[in-house]
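Novice: coordinates for the following, if possible.
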Amino acid sequence: RWLDARRWVFEFVEVVPAGASCKAQTNPVFVATQDRKLSPDVSYAFNSGGPKLLSSRPYYYSDISEDQAVVMRFAAPVDPKELERLGGCAVDGVGEMIPLKVVDGARRAELLEAVLYDYDPAKDTAADQVVQCARLLPVGADVKFVIEAGLGSAFEGREPVRYNDPIALNFQVRQPFLGR
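Specialist: Next up, the predicted model:
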């Protein structure tokens, strides 16, 4: 629809989901006012952003166990292999980044069902991921689950749209249980 004599807008029927890319080009047969043709080279492109992290469980800054799995809900599906490649665990006192591993299969489904109130196995998507550090974490350590900038959406048949910011979730590994 026309906003005024110079500006035209398109209104989407539904919200455009994360990870979508759109491109509009002028139609060469379209004639503007006063019988002027529009330039055929004009195009407009935008994307709705990459797979931003919407929520995580446990919540960041929580105390976690040494083998804690973290449920992450993204705004768009993500490729688990790319998540592992870009992810890691930065642990105070450990001189290297611990690799991040994606939990899959029955264990993934069990954790998603336990943690997400709206999880429906019939509507499961790669927007819900479960990750954990590839080795046990030291007791009492500060740990940061990190995903480098550039995580892309994973819609089949489409170029990924990248999320340009790094993601970091801070936690502290629980203190040892002392029975007396």
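
Novice: and the longest helix seen in the chain, how far out from the chain's middle?
Specialist: If each helix of the chain is counted by residues according to DSSP state H, the longest one is helix 105-115. Mean-position distance between helix 105-115 and its chain equals 19 Å (C-alpha atoms, centre = their mean, to the nearest Å).

Novice: packing partners of that helix?
Specialist: Packing contacts for helix 105-115, counted by 3 or more C-beta pairs under 8 Å, 6 or more residues apart in numbering; DSSP states H and E, involve strand 69-74, strand 128-133. C-betas here are computed from N, CA, C, even on glycine.

Novice: return the most buried member of these.
Specialist: Comparing the helices and strands packed on helix 105-115 on average neighbours per residue, with mean count of other C-beta atoms under 10 Å, the densest one is strand 128-133 at a mean of 24.

Novice: who's in contact with that one?
Specialist: Outside strand 128-133, the residues within contact range by C-beta atoms under 8 Å, 6 or more residues apart in numbering are 67-74, 78, 80, 83-84, 87, 89, 91, 98-104, 107-108, 111-112, 116, 119, 143, 145.

Novice: now stretch 81-89
Specialist: By C-beta under 8 Å, 6+ apart, the surrounding residues in contact with stretch 81-89 are 97-102, 129, 131, 133-134, 137, 143-148, 150-152, 154.
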